[in-house]
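Trainee: Following is a predicted model, sequence given first.
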Amino acid sequence: MTGWEKALPLDREALVRLVRREEWNQLHFSSVLREKKGFRLVHDGMVYLLRDRGRKPLRGGVYISRGGAFHCCFEPADLRQEDLDRLERIMTERSLFSLIGRKDRIELAEKLYGARESYVIDYDMMIRDELSEREPLPTGLTIRRAGRDDLEALYPLEEAYQLEEVLRDPDSLNRRYLKKRFHRQLGELHIWAVYRGDTPIAKGGTNAEGFAYCQIGGIYTIPRERGKGVGRHLMNHIGRELKKENRGTSLFVRKDNFAARKLYENCGYLEKGDFRIVYPD
């Protein structure tokens, strides 16, 4: 017998083992399990596990957040028809806002969900395990770890990043929500800012934190400071700081974002596969 079942708190250890395999490409999933509050299954979403009766290793996992974000960890070639049928029922019982993950997995999930129309963004996943040599910061620049007290100083950079890199429709920007979310991130994630004197000119950090890897995101340099190596210094600083916690780093970049790709390659990141985000309907 085989099938998808709702996870229970006692399943956490087995699920952690599953998501830690090639964790760099499923960090949004593993970050849920690493939450300080524990294994959140009810108030913030639902986890389903794919297992064979009598066998301990899991064959797959799916996490659907309360807001409708779908994350998955399975090998498409390993799914049987009955697995696909049950997964389709699980997905179509909900209104999904986004499907996020390795491209081949999301292509399959998108087909099962059957949205009439979707907005699709394809990325390259990149990973770095080896750090580049430390470079001295140019005169006048400092890099500081950010916290919630830095909200007012750094929020303009976060808003500019969202408008330039994230939002499909700039008119959809909800400043109150974005500021509240960024305030929470400043307290929960690793975020750093580059200052010229007392003025912040760049920021970036983690947007998902797993057990052995962190996903880097939100890298933004104000336009007048671009082309001066600021982003490279910030990226390398982030990598060194996370390495102190024995964590590697990964990220995903739009396939047509050549400037960002060049920055990441200069920092030692290598392409590792395809990543996809789908916004159904």
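Mentor: In hand now; what should we look at? Numbers count the residues shown, from 1 in each chain.

Trainee: For residue 64, which residues are in contact?
Mentor: 45, 46, 48, 70, 71, 90, 91, 94, 96 (C-beta atoms under 8 Å, 6 or more residues apart in numbering). Placement of C-beta: from N, CA and C, glycine included.

Trainee: wait, which of those is closest to residue 131?
Mentor: Within the contacts of residue 64, distances to residue 131 taken as C-beta to C-beta reach their minimum at residue 71, with 28.1 Å.

Trainee: who's in contact with the closest one?
Mentor: Per C-beta under 8 Å, 6+ apart, neighbours of residue 71: 26, 28, 29, 32, 62, 63, 64, 65, 100, 101.

Trainee: Redo those as JSON lines? Include pLDDT and distance to residue 159.
Mentor: Below are the contacts of residue 71 laid out as JSON lines (pLDDT from 0 to 100; distance: C-beta to C-beta, whole Å):
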{"residue": "26", "pLDDT": "90", "distance to residue 159": "29"}
{"residue": "28", "pLDDT": "86", "distance to residue 159": "23"}
{"residue": "29", "pLDDT": "86", "distance to residue 159": "28"}
{"residue": "32", "pLDDT": "79", "distance to residue 159": "26"}
{"residue": "62", "pLDDT": "94", "distance to residue 159": "33"}
{"residue": "63", "pLDDT": "92", "distance to residue 159": "29"}
{"residue": "64", "pLDDT": "93", "distance to residue 159": "29"}
{"residue": "65", "pLDDT": "89", "distance to residue 159": "24"}
{"residue": "100", "pLDDT": "95", "distance to residue 159": "22"}
{"residue": "101", "pLDDT": "94", "distance to residue 159": "27"}
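
Trainee: out of these, which is most surrounded?
Mentor: In terms of neighbours by other C-beta atoms under 10 Å, the contacts of residue 71 top out with residue 26 at 27 neighbours.

Trainee: Helices of the chain, residue ranges please.
Mentor: Remark: helices assigned in the chain by DSSP state H are 12-19, 27-33, 81-92, 103-113, 151-161, 175-188, 230-243, 258-266.

Trainee: just checking, what packs against the second one?
Mentor: Put plainly, it is helix 27-33. helix 12-19, strand 60-65, strand 69-74, strand 98-102, strand 199-209, strand 213-221 (3 or more C-beta pairs under 8 Å, 6 or more residues apart in numbering; DSSP states H and E).

Trainee: Equivalent analysis for the last one, please.
Mentor: Using 3+ C-beta pairs under 8 Å, 6+ apart as the contact criterion, the elements in contact with helix 258-266 are helix 230-243, strand 248-254.

Trainee: Identify each buried residue in it, please.
Mentor: Using 16 or more other C-beta atoms under 10 Å as the test for burial, helix 258-266 gives 260, 261, 263, 264.

Trainee: Give me the angle between it and helix 230-243.
Mentor: Using axes from the mean of the first three to the mean of the last three C-alpha atoms, to 10 degrees, one finds that helix 258-266 and helix 230-243 are set 50 degrees apart in direction.

Trainee: ok, and what's touching helix 258-266?
Mentor: Residues from elsewhere that reach helix 258-266 (C-beta under 8 Å, 6+ apart): 124, 126, 219, 231, 232, 235, 251, 253, 254.

Trainee: show me what contacts the third one?
Mentor: Residues near residue 219 by C-beta under 8 Å, 6+ apart: 161, 202, 203, 204, 231, 234, 235, 260, 263.

Trainee: Verify the contact between residue 33 and residue 13 for me.
Mentor: No. Using C-beta atoms under 8 Å as the test, residue 33 is too far from residue 13 to be in contact (9.8 Å).

Trainee: In terms of neighbours, single out the busier of the two.
Mentor: Set residue 33 next to residue 13 and count neighbours by other C-beta under 10 Å: residue 33 wins out with 21 against 11.

Trainee: Show me which residues of stretch 237-257 are buried.
Mentor: 237, 238, 239, 241, 242, 247, 248, 249, 250, 251, 252, 253.

Trainee: again, but for stretch 140-157
Mentor: 141, 143, 146, 150, 151, 154, 155, 157.

Trainee: ok, which pair from those is furthest apart?
Mentor: With C-beta to C-beta as the measure, no two of the buried residues of stretch 140-157 lie farther apart than 141 and 151, at 21.7 Å.

Trainee: what about the protein, any weak spots by pLDDT?
Mentor: Residues of the chain meeting the criterion pLDDT under 70: 1-2, 35-44, 54-56.
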